[in-house]
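In: Got a sequence here, can you build the structure:
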Amino acid sequence: MKGLYRGLSAPLIGGSFECGVNYGVFYGVNKYMQGGKEGLDMDLKGLVVSGMAAGTVLSFILSPTELIKCRLQSGAPPGYPPYKGPINVIQRLVQTEGLRAGLGRGLAATLAREIPGNTIFFVVYEYMRMALPRQKINTERGEDVQSLQAALEEAGKAVLSGGVAGGGESVSK
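Out: Sure, this is the predicted structure:
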């Protein structure tokens with residue numbers, strides 16, 4: 001049972017950064033492409049370029065964390081002592097293969113997966129969000145119940161959009 005969870009810390013740490021980096025890069029690039037203006041509906045070109053940029057940046061985080069996870073789960077090669085943890089995997093990779101070749105292993109495959117996957121995800125997500133009617137959330141006094149209801153409806157629409165987009169992304173992989 002311990003082997004099932006071995007190597008889980010690396011993707012959890014990487015996953016913590018994944019969403020922030022992914023959405024931050026996506027919306028940052030898109031805002032730049034719109035001349036710094038916020039709140040505009042995004043056009044297809046902006047969605048595609050922003051999704052590709054997010055996938056590219058994200059790959060540099062995911063690739064090493066996934067490599068570390070895989071090494072921990074598969075164990076050390078025959079004749080080598082077992083890995084003690086993620087830091088030990090990094091040390092051995094750098095010692096035996098060098099920084100770029102060791103931690104960069106699998107980067108091309110990760111780029112090939114994340115660039116189209118992120119592009120499809122964000123295009124579908126944003127088009128779903130634009131297609132669903134939006135609620136204006138009123139934050140003035142006396143509107144607490146209506147604001148809460150509107151916020152919950154918006155959250156539900158975001159979850160629905162993310163689910164549909166995630167399905168589209170999965171098909172691309």
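
In: Residue 92 touches residue 83, doesn't it?
Out: Yes: using CB atoms under 8 Å, residue 92 makes contact with residue 83 at a distance of 7.3 Å. No exception for glycine: its C-beta is placed from N, CA and C like everyone else's.

In: and residue 122, what pLDDT?
Out: Looking at residue 122, its pLDDT reads 92.

In: re earlier: looking at residue 92 and residue 83, which has the bigger crowd around it?
Out: Ranked by neighbour count (other CB atoms under 10 Å), residue 92 and residue 83 place residue 83 first, with 21 against 18.

In: what touches both of residue 92 and residue 83?
Out: Common neighbours of residue 92 and residue 83 (criterion: CB atoms under 8 Å, 6 or more residues apart in numbering): residue 76.

In: which regions of the chain sit below the pLDDT cut-off?
Out: Within the chain, the stretches with pLDDT under 70 are 1-7, 9-11, 13-14, 38-40, 134-148, 168-173.

In: show me where it has helices.
Out: Assigned by DSSP state H, the chain shows helices spanning 2-5, 9-33, 44-74, 86-97, 99-103, 107-131, 144-172.

In: Name the surrounding residues that touch the second one.
Out: When you say that, I think you mean helix 9-33. Identification of contacts with helix 9-33 by CB under 8 Å, 6+ apart yields 37-38, 42, 45-47, 49-51, 53-54, 57-58, 61-62, 64-66, 68-69, 72, 85-86, 118, 122.

In: Okay, angle between it and helix 107-131 too, please.
Out: 60 degrees (axes from the mean of the first three to the mean of the last three CA atoms, to 10 degrees).

In: How many residues are close by residue 27?
Out: 15.

In: Can you give me the distance of it to residue 156?
Out: Computed as CB to CB, to the nearest Å, the residue 27 to residue 156 distance reads 21 Å.

In: What of residue 73?
Out: With distances taken as CB to CB, residue 73 is found 36 Å from residue 156.

In: tally of neighbours for residue 25?
Out: Residue 25 has 19 nearby residues by other CB under 10 Å.

In: which one is it nearest to, not counting chain neighbours?
Out: residue 54 (4.3 Å; CB to CB, 6 or more residues apart in numbering).

In: my read: the one you found touches residue 120, true?
Out: No: with contact defined as CB under 8 Å, residue 54 does not count as touching residue 120 (11.7 Å).

In: which one of these two has more residues nearby?
Out: Using other CB under 10 Å, the more surrounded residue of residue 54 and residue 120 is residue 54, with 26 against 22.

In: quick one: contacts for the more buried one?
Out: 21, 22, 23, 25, 26, 29, 118, 122.

In: quick one: which of those residues is most hemmed in?
Out: residue 26 (28 neighbours).

In: what about it, distance to residue 17?
Out: Taking CB to CB, one finds residue 26 at 14 Å from residue 17.
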